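Asker: Sequence first, predicted coordinates after that:
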Amino acid sequence: MRLTNILSASLLPFLIVLPSLPQPELSKQAQLDTHLRQAQEYLKAHQTKLAAREFRAVVALEPNNVEARGNLGVLLFFQADYSNAVPQLRAAVKLKPDLWRVQSLLGLAERRLGDESAGRADLEAAFPRLEDAKLKVDVGRELIDIYSASSDLEKAATIVSTLLKIEPTDPNLLYTAYRIYSDLAGEAMLDLSVAAPESGQMHQAMAHELYRERDLPGTIANFRKAVDADPNLPGIHYELAEALHSSPDPKLREEADREYKLAVSANSQDEKPVERLGDLAFDKNDLDGATSYYKQALALAPNDADASIGLAHVYTEKGSLQPAEQLLQAVIAADPSNVLAHYRLSSVYRGMNRPADAKREIEAYQKYKDIKEKLRIIYKDLRSDVPLDEVKK
């Protein structure tokens, strides 16, 4: 494809068309109309340099012509002639301040010329008003670079969050989000260590960091210190219980029951510790107790997948296969990749003597299990935060 073809396709959204205003000097107006008409013909023929010449002629005749100023600036920008593009783009924006596309190009050109302050101001003004998705992403990336360079991570995080709504699977944006959020977490950790080094929140944060490092004894020790420092920290008893429940030490696992109950006492509207108490009851073969806890959790959160799978498991053990099937089908409808739901449903279908359905579910189980195993290995290599209960499953 010829360069002129590429340029003309890129230029179309930026070009300005304004109605001609009556002018007292008819001969001058005739010249303006001729140059503007010729410029449009050159653009249609992809002859951008000739079009730029015509727009220059219009500017010479009428310096305040927004259409000519803006279009000339756009043409020069896409020819990478930033030093000559900036005055034209700046004049167009001054004459008509709501030319957001033109202002975004002005900001980009100013940055190319090393004028960081002006470039930042123009990009910040244009970004929230841009409707073209591609241009918004390009401008957003520029702003992220600006904010990252000035360590203004909160603003960078806001921009990347906006861009991910436009391009949620873009690997570059996802990596940028990871980098920014990691830096923000590091800053927050440092600030917390300076402001309150012996606080419950500091030990809670340290526990999370050690959890990422797969240091379970260190995790438990710091959660205990957090409880000692402030037993009323939101969620602390549940987090300690989760760590205890993940331990291979039976004595530590026994302590989880008490912490889950303390978590329920601290927040009776949180279904997660209630659901975990159902798991513990099931492990003790207390099916009635497990049923009660799971139903209580579902009353608090009707779509809780873990509670639904737990209750379905109880029903399966009791031989009530149809309600178990309904619960598991609902979980899979909400999340087709739920490994445990597929596995449990295959057992239900075997009990119903439906071998084809059981085979389908076990194949789905194996498919998603393999995917999650690959992800687990990747996360392990990245020393990422993989929930211990997910690894166990």
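Answerer: Cool, the structure landed. Numbers count the residues shown, from 1 in each chain.
Asker: From now on I want contacts and neighbour counts done on CA atoms only, so please keep to that.
Answerer: Will do.
Asker: Just the buried residues of the helix or strand hosting A312, please?
Answerer: According to DSSP states H and E, A312 maps onto helix 305-318. Residues A305, D306, A307, S308, I309, G310, L311, A312, H313, V314, Y315, T316 are the ones in helix 305-318 that count as buried (16 or more other C-alpha atoms under 10 Å).
Asker: In contact with the first one: list those residues for me.
Answerer: In this case it means A305. With contacts defined as C-alpha atoms under 8 Å, 6 or more residues apart in numbering, the neighbours of A305 are V331.
Asker: The second one now?
Answerer: The neighbours of D306, taking C-alpha under 8 Å, 6+ apart as the test, are E275.
Asker: quick revisit: now the next helix or strand after the helix holding A312 and helix 305-318, what's the angle there?
Answerer: Note on helix 305-318: by DSSP H and E, the next helix or strand toward the C-terminus is helix 321-334. Helix 321-334 and helix 305-318 are oriented at 160 degrees to each other (axes from the mean of the first three to the mean of the last three C-alpha atoms, to 10 degrees).
Asker: Flag every buried residue along the helix or strand that helix 321-334 is followed by.
Answerer: Reading on from helix 321-334 to the C-terminus, the next helix or strand found by DSSP H and E is helix 339-351. Within helix 339-351, the residues that qualify as buried by neighbour count (16+ other C-alpha under 10 Å) are V339, L340, A341, H342, Y343, R344, L345, S346, S347, V348, Y349.
Asker: What is helix 339-351 packed up against?
Answerer: Using 3 or more C-alpha pairs under 8 Å, 6 or more residues apart in numbering; DSSP states H and E as the contact definition, the elements that helix 339-351 packs against are helix 305-318, helix 321-334, helix 355-381.
Asker: average pLDDT for it?
Answerer: Computed over helix 339-351, the mean pLDDT rounds to 96.
Asker: now the angle from that helix to helix 321-334?
Answerer: Helix 339-351 and helix 321-334 are oriented at 150 degrees to each other (the same axes, to 10 degrees).
Asker: Can you dump the C-alpha atoms of helix 339-351 in CSV for me?
Answerer: What follows is helix 339-351 as a C-alpha-only set of coordinates in CSV (Å, rounded to 0.1, in the frame of the first residue of the first chain):
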residue,chain,number,x,y,z
VAL,A,339,-13.2,-27.5,37.4
LEU,A,340,-14.7,-28.9,40.6
ALA,A,341,-18.3,-28.3,39.4
HIS,A,342,-17.6,-30.4,36.3
TYR,A,343,-16.0,-33.1,38.3
ARG,A,344,-18.8,-33.3,40.9
LEU,A,345,-21.4,-33.3,38.1
SER,A,346,-19.7,-36.2,36.4
SER,A,347,-20.2,-38.2,39.6
VAL,A,348,-23.8,-37.2,39.8
TYR,A,349,-24.4,-38.4,36.2
ARG,A,350,-22.7,-41.7,37.0
GLY,A,351,-25.0,-42.1,39.9
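Asker: Give me the contact list for it.
Answerer: Taking C-alpha under 8 Å, 6+ apart as the rule, helix 339-351 contacts 309, 312-313, 316, 321, 324-325, 328-329, 331-332, 355, 357-362, 364-366, 368-369, 393.
Asker: repeat that for 6 Å
Answerer: Applying C-alpha atoms under 6 Å, 6 or more residues apart in numbering, the external contacts of helix 339-351 come out as L328, A358, E361, I362, Y365, Y368.
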